[in-house]
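In: got a predicted model here, sequence first, then my questions.
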Amino acid sequence: MRNKALIAVGVVAVAAASAWAVFRPDQALRVAAGVAAHHVCSMVFVGGQDPQRTYDELVVPMIGDVAGRLLSVHVSPETQSVAVSSPLRSLASASYVRGYGCRLDLPGNIPLVADAPVATPPSRDGSDFAPAQAVVTDRPAVTEALERVFSDRPGEPAKQVKAVVVVKGGHVVAERYADGFGVGSPLISFSVAKSFTNALVGLLVVDGKLHVDQALDAAEWRRSGDARGAITVEDLMRMRSGLAAEEAESAFSPVAQMEFLHGDMAGFAAAQPAKEAPGKTFEYTSADTLLLDRMIGERVGGGPDGVREYARNRLFSHLGMHDITMEFDGKGTFVGSTYVYASARDYAKFGLLYLNDGVAPDGERLLPRGWVAWSRTSTLGAPYGAGFWTNDGPSEPATWRVEGGFPKDGFYASGTMGQRIYIVPSAHLVITRFGYSAPPDYGIKDDIALIKAVIEAYR
């Protein structure tokens with residue numbers, strides 16, 4: 001379920017001088033600083049969280065204790081920005097723009113115009129979950145399973161779970177939040193955002209603006225004989241592009257460089273060479289998704305504001321999701337690999353769209369018929385479909401999940417450190433779970449125990 005590089009730079013930062021040209025510890029520290037600047041900025045100015053708590057609970061586990069001690073973070077409420085430095089020099093900064101979230105301050109960034117403050121519009125379809133306070137379950141087994149999800153155990157990695165919402169039959173039947181978080185708290189998606197990219201592609205298919213079997217036709221790949229010209233939309237959705245764009249737990253992986261050193265993320269992804277023909281091998285990489293997001297922007301038009309308007313009008317408003325932040329790279333491409341912010345309840349509303357086969361609560365079909373089944377069909381035997389992890393294939397992880405109580409028809413959106421939207425059509429169940437959990441499993445064992453408990457409690 002790897003989906004975003006965890007930047008552990010401590011060992012690399014003290015590498016021998018003879019390895020400098022290969023490992024570039026200066027680059028590793030810049031990547032770590034980029035992680036710190038962006039994530040603190042977003043969780044403070046989008047999420048309303050405490051900067052020190054965010055740094056300690058979210059950033060340090062990603063960059064490592066050594067880098068965590070080397071870096072200093074300064075938050076400026078006046079300029080709504082975050083600057084990160086080492087003892088020797090400034091390394092990175094990020095700025096907040098209302099309506100667009102945060103992005104790193106990098107050369108060539110296009111300007112963004114802040115949204116005017118507006119009141120949250122009423123839901124047009126009655127899909128908002130009520131009441132506004134957290135719902136407490138009346139099923140003891142579910143209460144016990146929720147306690148297991150949130151509670152740390154001696155000798156095991158910290159979980160730092162922030163929010164869980166259980167939706168059964170279209171209604172919230174249980175939820176719980178950590179101190180400082182509540183029903184309206186915006187939560188970072190990480191790679192759960194890839195499932196939002198799936199939805200936007202599906203909408204464009206419905207609108208007749210593309211087909212998943214067509215070539216991406218990136219401008220960088222149009223030279224005669226360029227093997228990348230054969231890469232299709234589906235290849236990118238299913239992570240089988242064949243691009244040399246590794247996503248690894250290293251500051252030196254192409255994806256780490258793309259996300260934290262380059263303002264034009266999609267351009268960086270497009271520049272990666274092919275290591276094999278598309279369609280042969282599954283390899284998870286956010287570079288594939290960034291290329292899809294650039295294509296979405298080209299089809300929709302109107303730059304970042306055009307993409308936001310399209311998402312609001314064609315997706316979010318139908319689902320009763322009104323306080324959603326989508327972040328964009330320096331060239332205006334939606335970072336639909338990694339950065340959406342929404343409440344746990346709003347993520348659940350998104351999950352309900354897929355639970356209900358692409359039909360919104362107002363009865364309108366938003367996604368093509370068969371889209372959900374296609375999206376959760378495994379790719380080349382891997383436990384991944386097209387923007388969702390899935391249980392339907394023969395892989396060992398899928399088998400393990402099913403044996404643990406997560407049904408075969410289940411699938412889920414997943415982001416690093418345990419951001420997840422679980423969807424179980426056979427049980428009419430959606431569970432959202434967000435937090436900053438540690439490897440190796442980021443708390444998924446306890447999540448599956450919760451899924452099993454809810455299914456059994458509501459038979």
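Out: Perfect, I can see it now.

In: how is the chain partitioned into domains?
Out: 10-104, 187-213+301-457 (automatic domain parsing).

In: which stretch among those comes nearest Gln160?
Out: When these are compared for distance to Gln160 using CB to CB, the nearest one is domain 187-213+301-457, at 4.0 Å. (Glycine included, C-beta is placed from N, CA and C.)

In: and that closest one, average pLDDT?
Out: Averaging pLDDT along domain 187-213+301-457 gives 97.

In: off-centre distance for that domain?
Out: Relative to the centre of its chain, domain 187-213+301-457 is centred 9 Å away, using CA atoms, centre = their mean, to the nearest Å.

In: distance between the ends of that domain?
Out: By CA to CA, to the nearest Å, the extent of domain 187-213+301-457 from end to end equals 28 Å.

In: quick revisit: export the domains of the chain to a markdown table and append columns for mean neighbour count and distance to Asp235.
Out: Output for those, formatted as a markdown table (neighbours: other CB atoms under 10 Å; distance: least, CB to CB, whole Å):
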| stretch | mean neighbour count | distance to Asp235 |
| --- | --- | --- |
| domain 10-104 | 19 | 28 |
| domain 187-213+301-457 | 21 | 9 |
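
In: export those to JSON lines and tack on distance to Thr143?
Out: Formatted as JSON lines, those follow (distance: least, CB to CB, whole Å):
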{"stretch": "domain 10-104", "distance to Thr143": "25"}
{"stretch": "domain 187-213+301-457", "distance to Thr143": "9"}
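
In: what helix or strand is Arg420 located in?
Out: strand 419-424 (DSSP states H and E).

In: show me what that strand is packed up against.
Out: Here strand 419-424 touches helix 344-355, strand 411-415, strand 429-435, helix 444-457, going by 3 or more CB pairs under 8 Å, 6 or more residues apart in numbering; DSSP states H and E.

In: for Gly225, find the nearest of these.
Out: The closest of the helices and strands packed on strand 419-424 to Gly225 is strand 411-415. By CB to CB, the value is 37.1 Å.

In: and the closest one, C-alpha only, in PDB?
Out: Extracted C-alpha coordinates of strand 411-415, given in PDB (Å, rounded to 0.1, in the frame of the first residue of the first chain):
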ATOM      1  CA  PHE A 411     -11.900  -2.000  -2.000                       C
ATOM      2  CA  TYR A 412     -10.400   1.100  -0.600                       C
ATOM      3  CA  ALA A 413      -8.700   4.500  -1.300                       C
ATOM      4  CA  SER A 414      -5.400   4.700   0.600                       C
ATOM      5  CA  GLY A 415      -2.800   7.200   1.500                       C
END
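
In: list the contacts of that strand.
Out: Contacting residues not belonging to strand 411-415 are listed as 1, 3-4, 188-195, 338, 351, 354, 375-376, 385, 387-392, 420-423 [CB atoms under 8 Å, 6 or more residues apart in numbering].

In: one more time with 7 Å
Out: Here strand 411-415 makes contact (CB atoms under 7 Å, 6 or more residues apart in numbering) with 1, 3-4, 189-192, 195, 376, 385, 388-391, 420-423.

In: adjacent strands (with direction) for that strand?
Out: Strand pairing for strand 411-415, using DSSP bridges, gives strand 389-390 (antiparallel), strand 419-424 (antiparallel).

In: what angle sits between it and strand 429-435?
Out: On the basis of axes from the mean of the first three to the mean of the last three CA atoms, to 10 degrees, strand 411-415 is oriented at 10 degrees to strand 429-435.

In: check what pLDDT Ala8 gets.
Out: Reported pLDDT for Ala8: 42.

In: Arg176 falls within a strand, correct?
Out: Yes - assigned with DSSP: H, G, I helix; E, B strand; the rest coil, Arg176 falls within a strand.

In: report the separation between it and Leu352.
Out: Per CB to CB, to the nearest Å, Arg176 is found 19 Å from Leu352.

In: circling back to that earlier point, what about dumping the CA coordinates of the strand holding Arg420 to CSV?
Out: This file holds the C-alpha atoms of strand 419-424, laid out as CSV (Å, rounded to 0.1, in the frame of the first residue of the first chain):
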residue,chain,number,x,y,z
GLN,A,419,-5.5,7.6,5.3
ARG,A,420,-8.2,5.3,4.0
ILE,A,421,-11.8,5.1,2.7
TYR,A,422,-13.0,1.5,2.9
ILE,A,423,-16.0,0.5,0.7
VAL,A,424,-17.9,-2.8,1.1
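
In: quick one: residues in contact with that strand.
Out: For strand 419-424, contacts defined as CB under 7 Å, 6+ apart pick out 188-190, 192, 347, 350-351, 354-355, 407, 409-414, 430-434, 447, 451.

In: before we move on, what about stretch 185-194?
Out: 3-4, 42-43, 46-48, 162-163, 289, 323, 325, 336-344, 387, 413-417, 419, 421, 434.

In: how about Glu283: what's its closest non-neighbour residue?
Out: Met239 (6.0 Å; CB to CB, 6 or more residues apart in numbering).

In: how many residues are close by that neighbour?
Out: 25 (other CB atoms under 10 Å).

In: hmm, it is touching Lys280, no?
Out: No - contact criterion CB atoms under 7 Å: Met239 and Lys280 do not qualify, at 11.8 Å.

In: the helix or strand where Phe196 lies to strand 411-415, inter-axis angle?
Out: For Phe196, the host element (DSSP H and E) is helix 193-206. Put simply, helix 193-206 runs at 120 degrees to strand 411-415, going by the same axes, to 10 degrees.

In: convert helix 193-206 to CSV, retaining C-alpha atoms only.
Out: Backbone C-alpha positions of helix 193-206 (Å, rounded to 0.1, in the frame of the first residue of the first chain) are rendered in CSV as follows:
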residue,chain,number,x,y,z
ALA,A,193,-6.5,11.8,-3.7
LYS,A,194,-5.7,9.3,-6.5
SER,A,195,-9.3,8.1,-6.1
PHE,A,196,-10.5,11.7,-6.6
THR,A,197,-8.5,11.7,-9.9
ASN,A,198,-10.3,8.5,-10.8
ALA,A,199,-13.6,10.3,-10.3
LEU,A,200,-12.6,13.3,-12.4
VAL,A,201,-11.5,11.0,-15.2
GLY,A,202,-14.8,9.2,-15.0
LEU,A,203,-16.7,12.4,-15.2
LEU,A,204,-14.8,13.4,-18.4
VAL,A,205,-15.6,10.0,-19.9
VAL,A,206,-19.3,10.6,-19.2
